[in-house]
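# Requesting a structural model of the entry that follows:
(chains A and B)
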Amino acid sequence: MTMPLYASPEQILRDRSEYARKGIARGRSVVVLRYADGVLFVAENPSSTLHKVSEIYDRIGFAAVGRYSEFENLRQAGIRFADIRGYQNDPRDVTGRSLANVYAQTLGSVFSEQIKPLEVEICVAEVGRTPEHDTLYRLTYDGSIVEEPQYVVMGGQADATAAALKDAYTEGLPLAEAVRVAVKALSAGSTSTGNGKPDLLDQAKLEVAVLERDRPHRAFRRILGTALTPLLAVSPPAEAEGEEKPVTDVDLPPNDEK
Amino acid sequence: MDHSSTGNYYPAASLSPAYLRPGSSFADFLRAEAPELLPSARRYPEGAAVQAPHGTTIVALTFKGGVVIAGDRRATMGNTIAQRDMKKVFITDDYSAVGIAGTAGIAIEIVRLFAVDLRHYEKIEGVSLSLDGKANRLSAMIKGNLDAAMAGLAVVPLFAGFDPEATDPDRAGRIVSYDVTGGRYEESLGYQAVGSGSLFAKSALKKLYDPDADAEAAVRTAIEALYDAADDDTGTGGPDIVRKIYPVVVTITAAEGAVHVPEDRTAALAEAVVAARRSSPTG
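Below is the predicted model of the structure:
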């Protein structure tokens, strides 16, 4: 029998952290921020089918970076957790806080018990009845959980993106402005902008979704195609200022009250 | 599996392996993780008849560009009225609705599970189930209720949906009926009724049904049919003008999806039907 090499717990955890961080740093970034009417998700994502942002429950959204197969697994687990809770009790009893807690426990136990940590970083966002009740939780690969007051930046070039967002972000931005701020911040960190390439990420590389406070029941909505184009226009035409909000999407029919 | 005790749904613990297994069916997930939450987990005493409220009549008919499904409001238990204002027609997702006849408690639970299942699939897969897929899911749930049906607690739903992928949008409204074993039957005639008053409702629909009617006319036809069911079946409640209880009506169209017809409109239509019957009681 061969003796295993001794490694101190600190060393093991440091190695795992480094491994997870490297994995996450290879990916593209996601920005989640609070705006006037809820929570906005903007991700740099060239795929239109493999989502980084999605709906978990009526008022709860999810964004993740890192290894797709791993965060997709966690996303589905979150949907199951929320649905079973809502089915057993009532939709109002499903909260972002409880979901963030089980995610933290799951990430934490994988990190400490298994050889390979999950190479993911997750944001759980919940839109409340009023802006004060909107919550954003950031969860990292080791199970740490942080509640962020304004925005969450995750992914490979998070530092550059966060620096850009820090300057531009203010509370209570309208949707179009919030999208522009987020795209600008993402572009500042992205490897596919600058150096002869365009300064801003174009629409094909973006995934945009919102949790809208005023939508009854299911607050989550993707902003796609022609609904997204006017929001991305760098300088909106002058006459559009102060007018009604652009048509952002065809509204889905409201759900039944139960 | 040690995760079936109720305490484990409020975990400060990590998610159990069942949560991390692939799959897009909520019912399948419940079967693995919490089978006691499934409607089929009920146990029935042998030989003893259980008294429980029964829902009565549901009608559905297609019209040009959609489908309407409507139900009366009465639930009966033996020969007494258990509830006067029960809602038996439910919107289950953006383009489908289910009406239930039979044992109300089990039926409502099945519809609730069905609605969660449809949404669960949509969230996990990113697309909705096809209309036939939805109809089959409901069929599987009714099949799971066969033991209860044998104990006298049958559930017979009526499924109405709009198929956004249909080639002819004018004929995209569809109706599927079921039997107690879960057998599923597509209604090609364009109308169907289930429940104790269904015989009378269907006879009325047979005479009144017009495939090229608009939504308003179809809703009126549905209310007429329910009136006729209430006329001859003791289990079906007619429009209750004194208490202001009117049928629950859902229309499903391409533009609006599945929506409840507002109560003031069903009230106006029901009162118009009653007024017309004053001069001509047989309609």
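# which residues does residue 39 contact?
No chain specified, so I'll use chain A. Shown in contact with residue A:39 (CB atoms under 8 Å, 6 or more residues apart in numbering or on different chains): A:32, A:33, A:61, A:125, A:126, A:127, A:134, A:136, A:210, A:211. In this view, the C-beta of every residue, glycine as well, is placed from N, C-alpha and C.
# try again with chain B
Counting by CB under 8 Å, 6+ apart, residue B:39 touches B:106, B:109, B:110, B:113, B:141, B:144, B:145.
# what does the stretch 1-150 of chain A put close to chain B?
Within the stretch 1-150 of chain A, the residues that sit near chain B (CB under 8 Å from any CB of the partner chain) are A:49, A:51, A:54-56, A:73-74, A:76-77, A:79-81, A:83-88, A:98, A:101-102, A:105-106, A:108-110.
# Give me the buried subset of these.
Neighbour-count burial (16 or more other CB atoms under 10 Å in any protein chain shown) applied to the residues of the stretch 1-150 of chain A next to chain B gives A:51, A:54-56, A:73-74, A:76-77, A:79-81, A:83-87, A:98, A:101-102, A:105-106, A:108, A:110.
# Return the subset of those lying in strands.
Residues from those lying in strands, with DSSP state E as the criterion: A:54, A:55, A:56.
# hang on, the earlier thing: would you reformat the contacts of residue A:39 as JSON lines and include neighbour count and secondary structure?
Formatted as JSON lines, the contacts of residue A:39 follow (neighbours: other CB atoms under 10 Å in any protein chain shown; DSSP: H, G, I helix; E, B strand; the rest coil):
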{"residue": "A:32", "neighbour count": "28", "secondary structure": "strand"}
{"residue": "A:33", "neighbour count": "24", "secondary structure": "strand"}
{"residue": "A:61", "neighbour count": "27", "secondary structure": "strand"}
{"residue": "A:125", "neighbour count": "29", "secondary structure": "strand"}
{"residue": "A:126", "neighbour count": "25", "secondary structure": "strand"}
{"residue": "A:127", "neighbour count": "26", "secondary structure": "coil"}
{"residue": "A:134", "neighbour count": "21", "secondary structure": "coil"}
{"residue": "A:136", "neighbour count": "23", "secondary structure": "strand"}
{"residue": "A:210", "neighbour count": "26", "secondary structure": "strand"}
{"residue": "A:211", "neighbour count": "26", "secondary structure": "strand"}
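# Chain B: which of these is nearest?
Set against chain B, the nearest of these by CB to the nearest CB is residue A:61 (10.9 Å).
# Next one: the closest one from residue A:103, what distance?
From residue A:61 across to residue A:103, the span is 13 Å (CB to CB, to the nearest Å).
# what angle do the longest helix anywhere in chain A and strand A:53-57 make?
If you go by DSSP state H, chain A has its longest helix at helix A:68-88. For helix A:68-88 against strand A:53-57, the angle by axes from the mean of the first three to the mean of the last three CA atoms, to 10 degrees is 20 degrees.
# Extract the CA atoms of helix A:68-88 and return them as CSV.
C-alpha atoms of helix A:68-88 as CSV (Å, rounded to 0.1, in the frame of the first residue of the first chain):
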residue,chain,number,x,y,z
TYR,A,68,-22.3,25.6,-18.3
SER,A,69,-23.1,22.0,-17.4
GLU,A,70,-22.6,22.7,-13.7
PHE,A,71,-24.7,25.9,-13.4
GLU,A,72,-27.4,24.4,-15.6
ASN,A,73,-27.6,21.6,-13.1
LEU,A,74,-27.9,24.0,-10.3
ARG,A,75,-30.5,26.1,-12.1
GLN,A,76,-32.7,23.0,-12.6
ALA,A,77,-32.3,22.1,-9.0
GLY,A,78,-33.4,25.6,-8.0
ILE,A,79,-36.5,25.3,-10.2
ARG,A,80,-37.3,22.0,-8.5
PHE,A,81,-36.7,23.5,-5.0
ALA,A,82,-38.9,26.5,-5.8
ASP,A,83,-41.7,24.5,-7.5
ILE,A,84,-42.0,21.9,-4.7
ARG,A,85,-42.2,24.6,-2.1
GLY,A,86,-44.7,26.6,-4.1
TYR,A,87,-46.8,23.4,-4.7
GLN,A,88,-46.7,22.3,-1.1
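# could you pick out which of the contacts of residue B:39 are near chain A?
Restricting the contacts of residue B:39 to those near chain A - CB under 8 Å from any CB - leaves residue B:113.
# before we move on, back to that, okay if I get the ones in strands among the buried ones among the residues of the stretch 1-150 of chain A next to chain B as a markdown table plus pLDDT?
Below are these laid out as a markdown table (pLDDT from 0 to 100):
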| residue | pLDDT |
| --- | --- |
| A:54 | 95 |
| A:55 | 96 |
| A:56 | 97 |
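# ok, those residues vs chain B, which is closest?
residue A:55 (5.5 Å).
# List the beta-bridge partners for the closest residue to the closest one other than its chain neighbours.
The shortest distance from residue A:55 to any non-neighbouring residue, by CB to CB, 6 or more residues apart in numbering or on different chains, is to residue A:220 (3.7 Å). Judged by DSSP bridges, the bridge partners of residue A:220 are residue A:211.
# What separation do you get for residue A:220 and residue A:203?
20 Å.
# which ones are touching residue 30?
Here I'm looking at chain A. Counting by CB under 8 Å, 6+ apart, residue A:30 makes contact with A:41-44, A:52-53, A:63-65, A:123, A:152-155.
# hm, I was asking about chain B
Going by CB under 8 Å, 6+ apart, residue B:30 touches A:84, A:87, B:37, B:38, B:113.
# Could you identify the helix or strand that succeeds whichever strand or helix holds it?
Assigned by DSSP states H and E, residue B:30 belongs to helix B:26-33. Per DSSP H and E, the first helix or strand lying C-terminal to helix B:26-33 is strand B:54-55.
# buried set for the helix or strand following that following strand?
Using DSSP H and E, the helix or strand that directly follows strand B:54-55 along the chain is strand B:58-63. Neighbour counts over strand B:58-63 (16+ other CB under 10 Å) mark B:58, B:59, B:60, B:61, B:62, B:63 as buried.
# Residue A:85 touches residue A:92, doesn't it?
No. Using CB atoms under 8 Å, residue A:85 is not in contact with residue A:92; the gap is 10.5 Å.
# Secondary structure class of the residue nearest the centre of chain A, three-state.
Among the residues of chain A, the one closest to the centroid is residue A:63, at 2.8 Å (CA atoms, centre = their mean). Classification of residue A:63 using DSSP: H, G, I helix; E, B strand; the rest coil returns strand.
# Hmm, it is touching residue A:125, no?
Yes. The pair residue A:63 and residue A:125 qualifies as a contact (CB under 8 Å) at a distance of 7.2 Å.
# Residue A:173: neighbour count?
The local packing of residue A:173 (other CB atoms under 10 Å in any protein chain shown) involves 20 other residues.
# Run through the chain and note the low-pLDDT ranges.
The chain I'm using is chain A. Applying pLDDT under 70 to chain A flags the ranges A:1, A:234-258.
# Please refer instead to chain B.
For chain B, the ranges with pLDDT under 70 are B:1-12.
# rerun at 80
Scanning chain B with the threshold set as pLDDT under 80 gives B:1-13, B:44-50, B:283.
# near chain A, which residues of it show up?
With CB under 8 Å from any CB as the criterion, chain B meets chain A at residues B:9-15, B:18-20, B:22, B:26, B:29-30, B:33-34, B:37, B:90-94, B:112-113, B:115-116, B:119-120, B:123-124, B:126, B:256-260.
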